[in-house]
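Enquirer: starting from these lines, generate the structure:
(one chain, ligands or ions: 1)
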Amino acid sequence: MNIPANRLDRGFYQYQDEFEAKALEVLRSGWYVLGKEVAEFEKEFAAYCGAKYCVGLASGLDALWIAFRVLGIGEGDEVIVQGNTYIASVMGITINGATPVFVEPDAFYNIDVTKIEEKITERTKAILVVHLYGQASNMTEIMRLAEKYNLRVVEDCAQSHGAKWNGQMTGTFGDVGCFSFYPSKNLGAFGDGGAVVINDEVLDKKFRVFRNYGSEKRYHNMIIGANSRLDEMQAALLRVRLAHLDEINAERADIAAAYTAAINNEKVLLPQIRTGASSVFHQYVVRTDDRDKFMNYLQDRGIGTIIHYPIPPHLAEAYQYLGYEKGAYPITEAYADTVLSLPMYTGMTQEEIKYVIDVINEYK
Ligand SMILES: *Cc1c(COP(=O)(O)O)cnc(C)c1O
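Expert: A predicted model of the protein is given here:
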């Protein structure tokens, strides 16, 4: 059997008729940028998240850097972020000239909230929370710290569409919730896309102005902005997918539950969910000591896997200027050396799931 780590075609074929009808509708409409599809998607996604506003943007990275820009966080400021995140989280901070201050992750791969306080200085302006792999972080503790030290909170929800902490959607706790609609995300477009959700009217307006060359009224540019617009085609196709998102997340949860119930190999450490958190299983991440061996073993049997992520941001070439050496963040680095994401996609068959489980159980 051949099972790649991800199969985006399956997700398309599940709702093929709806996607194709919607795409034709947009093609024939004669309106392709900032029209009714974006406006409707923004309303629907804000409602889905339980937020007041949503602003569609061109990517998840844009959502992050524009968030720090409109919050006025830049040169001379520090932002706390977990060490084991995707590089884009960190770029969202550094594009603005601010400095990332890394904190080690906990056993759930999210920021270790017991290690935040020791990193707070008089320069700290915000905490960037990443709901990594789809699991909600401990937002109660993060919001308590943010209040105590008067910090902004930005949530990187690029992997957590629909995940909740104590019943409340990720993205709605802090000042800004940043989403990516990159095709492989749980709510994926057919190209790049992103959005922010906010509850503050002033911030909502700032994002709207910023994404469109800093103008609200054409040719009246109030600030130096960007061109970061979700386009009509992506918004329209996202509306189709959003209507099925709970179904999509439920299917991923079923696959995860099947893995967790049946994978039984002392060499393979399975993911855990924190009490109070839900996960939408953007990834199902296991750990093994000899990862290369495990990965090759699976590959030889037709099972694709991906490492999320092999090089932690503090050791990336781009961030050499921060001056970190190997050993600076031992837990982050140990995770980078041992994590592996198993196949996880909607449309995965029972046969495929069982095959992955059987092959892993036979690993020695
Ligand atoms: C995908 C991702 C991003 C970036 O989103 P893009 O739309 O690809 O720019 C940011 N943070 C995390 C955690 C991600 O997984």
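
Enquirer: number of nearby residues for Met143?
Expert: Residues lying near Met143 (other Cβ atoms under 10 Å) number 17. Where you see a C-beta, it was placed from the backbone N, CA and C, and this is true even at glycine.

Enquirer: excluding covalently adjacent residues, which one is nearest to it?
Expert: Nearest residue to Met143 in three dimensions, chain neighbours excluded: Phe173, at 5.8 Å (Cβ to Cβ, 6 or more residues apart in numbering).

Enquirer: before we move on, what about Ile111?
Expert: Gln82 (4.0 Å).

Enquirer: equivalent analysis for Asn110, please.
Expert: Spatial nearest neighbour of Asn110, excluding adjacent residues (Cβ to Cβ, 6+ apart): Ser137 at 4.1 Å.

Enquirer: one more: Phe68?
Expert: Spatial nearest neighbour of Phe68, chain neighbours left out: Asn96 (4.7 Å); criterion: Cβ to Cβ, 6+ apart.

Enquirer: likewise Leu342?
Expert: Nearest non-adjacent residue to Leu342 (Cβ to Cβ, 6+ apart): Tyr284, at 4.9 Å.

Enquirer: ok, that neighbour touching Ile273?
Expert: No. Tyr284 lies out of contact with Ile273 (Cβ atoms under 8 Å); the separation is 11.5 Å.

Enquirer: okay, the two: which has more neighbours?
Expert: Applying other Cβ under 10 Å to Tyr284 and Ile273 shows that Tyr284 carries more neighbours, namely 23 against 15.

Enquirer: ok, the more buried one to Asn2 distance?
Expert: 19 Å (Cβ to Cβ, to the nearest Å).

Enquirer: and what of Val356?
Expert: Taking Cβ to Cβ, one finds Val356 at 12 Å from Asn2.

Enquirer: quick one, strands of the stretch 151-300 of the chain?
Expert: 152-156, 164-165, 168-169, 176-180, 194-198, 215-217, 220-221, 284-287 (DSSP state E, counting those that start in this stretch).

Enquirer: contacts for the second one next, please.
Expert: Meaning strand 164-165. When contacts are defined by Cβ atoms under 8 Å, 6 or more residues apart in numbering, strand 164-165 is touched by residues 136-140, 170, 173, 276-278.

Enquirer: what does the lengthiest strand in the chain rub up against?
Expert: The residue-count maximum for a strand in the chain (DSSP state E) belongs to strand 124-130. Outside strand 124-130, the residues within contact range by Cβ under 8 Å, 6+ apart are 64, 68, 71, 73, 77-82, 85-86, 89, 92-93, 98, 100-101, 110-111, 116, 137, 139, 142, 145-146, 149, 151-156, 158-159, 173-174.

Enquirer: what of stretch 204-223?
Expert: Outside stretch 204-223, the residues touching it (Cβ under 8 Å, 6+ apart) are 34, 52-53, 55-58, 62, 66, 69-70, 196, 198, 224-229.

Enquirer: could you do stretch 35-44 as well?
Expert: For stretch 35-44, the surrounding residues in contact (Cβ under 8 Å, 6+ apart) are 26, 29, 53-56, 195, 229-233, 235-236, 238-239, 242.
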